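> I would like to see how this sequence folds:
(one chain, ligands or ions: 1)
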Amino acid sequence: SMEKGLVVTQLDVEAGECIKVKGKIQSDAKGFAVNVGKDSNTLMLHFNPRFDCHGDVNTIVCNSKEDGVWGEEDRKAEFPFQHGDKIEICISFDETEATVKLPEAEFKFPNRLGMEKIEYLAVEGDFKVKAIKFS
Ligand SMILES: C=CCO[C@@H]1O[C@H](CO)[C@@H](O[C@@H]2O[C@H](CO)[C@H](O)[C@H](OCc3cn(-c4n[nH]c(N)n4)nn3)[C@H]2O)[C@H](O)[C@H]1NC(C)=O
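Below is the predicted model of the structure:
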């Protein structure tokens, strides 16, 4: 499984605010994930670009997690990532959906849990975090 990376708890990010994660995708990345929610068992969004893992190639898998149980996966059509890329991922949300903004793409995922604030951020896998910013 993906080794644990950055974990930030005790956040209070509200609707309309942005979480920016800047970092570098490793040159031999199999995959990485950015998780936001209440805690590790209660995720509004698991944003999981897969270069080659879990049987997926160049596919972004999004999901939610409620009480430790994964929801229905949502596979995106675009894959705007390459090995070694330096990227900034901007995550925001409102009562209906989470938005993931990248330089050349934007993805939506339903706010299935109706979460009103993000208290938890975790980055896993083959991604080296350079900076995080809350705005
Ligand atoms: C075809 C076989 C059955 O379906 C597969 O079932 C797998 C297991 O549930 C699915 O992979 C999980 O998909 C989840 C999102 O729905 C997550 O991506 C999960 O990985 C999360 C994860 C976290 N970590 C981790 N966190 N911290 C550490 N150390 N490791 N390791 N793995 C993956 O293991 C995988 O996406 C799914 N594939 C399909 C096509 O449905």
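
> From here on, just use CA atoms for contacts and neighbour counts.
Fine.

> so how far is the ligand from residue 41?
Relative to the ligand, residue 41 is positioned 11 Å away (Cα to the nearest ligand atom, to the nearest Å).

> where does that residue fall, phi/psi-wise?
phi -100, psi -10 (degrees, to the nearest 10).

> which non-adjacent residue is nearest residue 86?
Computed as Cα to Cα, 6 or more residues apart in numbering, the closest residue to residue 86 that is not its neighbour in sequence is residue 24, at 4.3 Å.

> number of nearby residues for the one you found?
16 (other Cα atoms under 10 Å).

> Next, it: secondary structure please.
The assignment at residue 24 comes out as strand when based on DSSP: H, G, I helix; E, B strand; the rest coil.

> For it, which residues are in contact?
By Cα atoms under 8 Å, 6 or more residues apart in numbering, the contact set of residue 24 is 84-87, 127-130.

> can you put these in TSV and add neighbour count?
Conversion of the contacts of residue 24 to TSV gives the following (neighbours: other Cα atoms under 10 Å):
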residue	neighbour count
84	15
85	14
86	16
87	18
127	26
128	17
129	18
130	12
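
> Just the closest of those to the ligand, please.
Taking Cα to the nearest ligand atom as the measure, the ligand lies nearest residue 127 of these, at 12.9 Å.

> in the sheet, who's paired with the closest one?
Per DSSP bridges, residues listed as beta-bridge partners of residue 127: residue 25.

> re earlier: from the contacts of residue 24, which is closest to residue 115?
residue 129 (25.2 Å; Cα to Cα).

> what does the lowest-mean-pLDDT helix or strand in the chain contact?
One helix or strand of the chain scores below all others by mean pLDDT, DSSP states H and E: strand 4-8, with a mean of 93. Residues outside strand 4-8 that contact it (Cα under 8 Å, 6+ apart): 120-125, 129.

> go on, stretch 110-119?
9-15, 36-39, 44-45, 64, 66, 93-98.
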